[in-house]
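In: Dropping a prediction and its sequence here:
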Number of protein chains: 2
Amino acid sequence: MPLPTDAAQATSAATLDLSADVVTLTAAVCDIESVSQDEAALADAIEAALRPLGHLQVERDGNTVIARTSLGRAERVVLAGHIDTVPLTAAPNLPTRQVDGLLWGRGTVDMKGGVAVMLRVASQVAEPSRDLTFLFYDCEEIDGRFNGLGRLADTRPELLEGDFAVLLEPTDGAIEGGCKGTLRVEVVTTGIAAHSARPWKGHNAIHDAAGVLARLAAYEAATVRVDGLDYHEALQAVGISGGIAGNVIPDRCTVTVNYRYAPDKDTEQALAHVRQVLDGYDVTLGDAADGARPGLHLPAAQAFIEALGVPVSAKEGWTDVARFSALGMPAVNYGPGDPNLAHMDDESCPVEQYVSAEAALLRWLA
Amino acid sequence: MPLPTDAAQATSAATLDLSADVVTLTAAVCDIESVSQDEAALADAIEAALRPLGHLQVERDGNTVIARTSLGRAERVVLAGHIDTVPLTAAPNLPTRQVDGLLWGRGTVDMKGGVAVMLRVASQVAEPSRDLTFLFYDCEEIDGRFNGLGRLADTRPELLEGDFAVLLEPTDGAIEGGCKGTLRVEVVTTGIAAHSARPWKGHNAIHDAAGVLARLAAYEAATVRVDGLDYHEALQAVGISGGIAGNVIPDRCTVTVNYRYAPDKDTEQALAHVRQVLDGYDVTLGDAADGARPGLHLPAAQAFIEALGVPVSAKEGWTDVARFSALGMPAVNYGPGDPNLAHMDDESCPVEQYVSAEAALLRWLA
């Protein structure tokens, strides 16, 4: 039996109306569910909405959509945002609902408000003051090897190029410049196994770890000013394990240490610092990702700050701005939503923040 | 086709000839394989060898064999030994072989030499100076709930009763008195989880464990003289774990600590000491087993020491002598074999130690 016409229409592709106000558009973007690795429907809707706009060249790369102006302006600005979300809660936090000036639901903070702002700017500003590149990318919320922005940086780095980048991750409406780097090391102490009734025949590796933990507990992390912003460093144990049985003196103990370092250092310098702090111990590098300098002294960034007129601070956590930094571009985080509510069951955002963000970017770019 | 007569005889029950010399008998006991929970063949052979001896009352309890004299002597002495072994090595270390004065193979140290000495004494001394109880018990090498001596202590404690007990575990031919107690505690530090880029929003439980480890590393364990023997105490971390992810400030760290304490203390006193050392930390008792006083000042023990004329020291590890101590009986460890070779692939013992041990017990009891 063929489907009734109404039902057939209900299963057709979701669409986005870029002429709707930014709050309505944010809700519409959220209501197209797009958990990581399942972004095709939303990428299709974004591509379909942008293709008709004559001032943009639109490309598709997997579930990443790229849209660019080519007006020969003196500067090019990149606006980037991921279109995926973390999974929905058990009692689904979609569709969105607006109550007392707040929009509730998955993506309202991280980061479909930013995506909606990008779409509104793309549709409204046909003659921008600077050439614009919009990057709507997939798979930010999962393992970095799936990240759409990382994929583009590897395969088509020219699409990321510009004088300045804004990542529209939630910052509660402030500008957060650059980001700290992060590395993990394993610190291993070794001893000699023995029966715990006769410990003098062995050597206790867990007792030796006392010195490692004491240095970490006593460590006073630096606050480092980079390009005018203060980054608060941190050196913290994030894991420890040792011991093989309740009657055996342990011959090995491993402490995993995470160093979050200001973007004035690269991995090599950061690792050298950790080795200095833990001098005398066996330190092995695990993973590492350098941070990003904010570059707020550069003209493109200065114009952005002046146009927006919002507070400016350092970004403490690592974000995808580091991918632009790796290409030599200054980059900042700026977007609607309180980052403390990201990934929460009760994710929500004052709709006023969407309106303010759209207005701020239009002031800068229109 | 029926089996040939020779093969049929080869599958008949193994037997032990108690008139053989102690070295030959030790090899024969070892060659009846008896890994824990598979001791029936050896228990059968021991029972069959003892039943014909008119001066002994023989009982069977599971795979434990009990043999007793009832001569109305002023004192009763208990000789006890387990008949099970740890598993054989991949290339089986049985049958035994004698090379250059050493007997090699599973059980030659732990503790079939002691079992053979007990069997020789049982068969040779029909008129002992003290009444004798021989306990050949099963399942010592596995979880304590299977232990044959523990089972008897629970169900038929009268069979363990006496004025003095000798456990024929390997002591390299010395007398080792009593044993230390053992208890384990968990020491837990708690913090507040946070993103490791913003540790000031949390509290690091692993860093707090630095203080626990520092106290353990600095702790100077006492040497405690009990009934004339020196017990070396020990307080050692045997395990540590903490951390849930490489980017999260850990909110919990658990240190497992093993206290080996002299037999002048019971569990309650030992735990109070650990709590004092780790004052201010959250300490929870895990398992515990009290030690055993050597009681070497008691007349029955003094006579034993004088008759043997071998070195006397404290037993550091926990052994089944504690089961006698729990019944109010002094007990010592004395047997052939170097305990450092117990459970080793290359377990072996100078045959001279079997001969000496047999001679020493005969001096005392004949």
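Out: Arrived safely, thanks for sending. Residues are numbered from 1 along each chain as shown, chains lettered A, B, ... in the order given.

In: pull the helix or strand with minimum mean pLDDT from chain A.
Out: Lowest by mean pLDDT, DSSP states H and E among the helices and strands of chain A is helix A:5-10, with a mean of 41.

In: if I read this right, A:Ala67 contacts A:Phe134, doesn't it?
Out: Yes: here A:Ala67 reaches A:Phe134: they are 4.3 Å apart, a contact under C-beta atoms under 8 Å. Bear in mind the C-beta positions are built from the backbone N, C-alpha and C, glycine included.

In: shared neighbours, these two?
Out: Common contact partners of A:Ala67 and A:Phe134 (C-beta atoms under 8 Å, 6 or more residues apart in numbering or on different chains): A:50, A:56, A:122.

In: Now do the buried residues in whichever strand or helix holds A:Thr254.
Out: Taking DSSP states H and E as the criterion, A:Thr254 maps to strand A:252-261. Across strand A:252-261, burial judged by 16 or more other C-beta atoms under 10 Å in any protein chain shown covers A:252-261.

In: Kindly report the same for stretch A:160-171.
Out: A:160, A:162-171.

In: Mind putting the residues you listed into TSV with secondary structure?
Out: TSV is the format used below for those (DSSP: H, G, I helix; E, B strand; the rest coil):
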residue	secondary structure
A:Leu160	helix
A:Gly162	coil
A:Asp163	coil
A:Phe164	strand
A:Ala165	strand
A:Val166	strand
A:Leu167	strand
A:Leu168	coil
A:Glu169	coil
A:Pro170	coil
A:Thr171	coil
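
In: So A:Asp230 belongs to a strand, correct?
Out: Yes: under three-state DSSP, A:Asp230 sits within a strand.

In: Residue numbers of the stretch 251-366 of chain A in contact with chain B?
Out: A:253, A:255-256, A:258, A:260, A:286-287, A:316-318 (C-beta under 8 Å from any C-beta of the partner chain).

In: got these as JSON lines, with pLDDT and distance to B:Cys349 columns?
Out: Formatted as JSON lines, those follow (pLDDT from 0 to 100; distance: C-beta to C-beta, whole Å):
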{"residue": "A:Cys253", "pLDDT": "98", "distance to B:Cys349": "36"}
{"residue": "A:Val255", "pLDDT": "98", "distance to B:Cys349": "43"}
{"residue": "A:Thr256", "pLDDT": "98", "distance to B:Cys349": "46"}
{"residue": "A:Asn258", "pLDDT": "97", "distance to B:Cys349": "53"}
{"residue": "A:Arg260", "pLDDT": "96", "distance to B:Cys349": "59"}
{"residue": "A:Gly286", "pLDDT": "94", "distance to B:Cys349": "48"}
{"residue": "A:Asp287", "pLDDT": "89", "distance to B:Cys349": "53"}
{"residue": "A:Glu316", "pLDDT": "88", "distance to B:Cys349": "65"}
{"residue": "A:Gly317", "pLDDT": "85", "distance to B:Cys349": "64"}
{"residue": "A:Trp318", "pLDDT": "89", "distance to B:Cys349": "62"}
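
In: Work out for me the element the closest residue to A:Asp345 other than its chain neighbours sits within.
Out: Using C-beta to C-beta, 6 or more residues apart in numbering or on different chains and skipping the chain neighbours, the partner closest in space to A:Asp345 is A:Thr89 (4.8 Å). Assigned by DSSP H and E, A:Thr89 belongs to no helix or strand.

In: got it, and A:Ser313?
Out: Judged by DSSP H and E, A:Ser313 forms part of strand A:312-314.

In: quick one: buried residues of that strand?
Out: Neighbour-count burial for strand A:312-314 [16+ other C-beta under 10 Å]: A:312, A:314.

In: packing partners for it?
Out: Under the contact definition 3 or more C-beta pairs under 8 Å, 6 or more residues apart in numbering or on different chains; DSSP states H and E, strand A:312-314 sits against strand A:175-177, strand A:229-232.

In: That's all I had, so thanks and see you.
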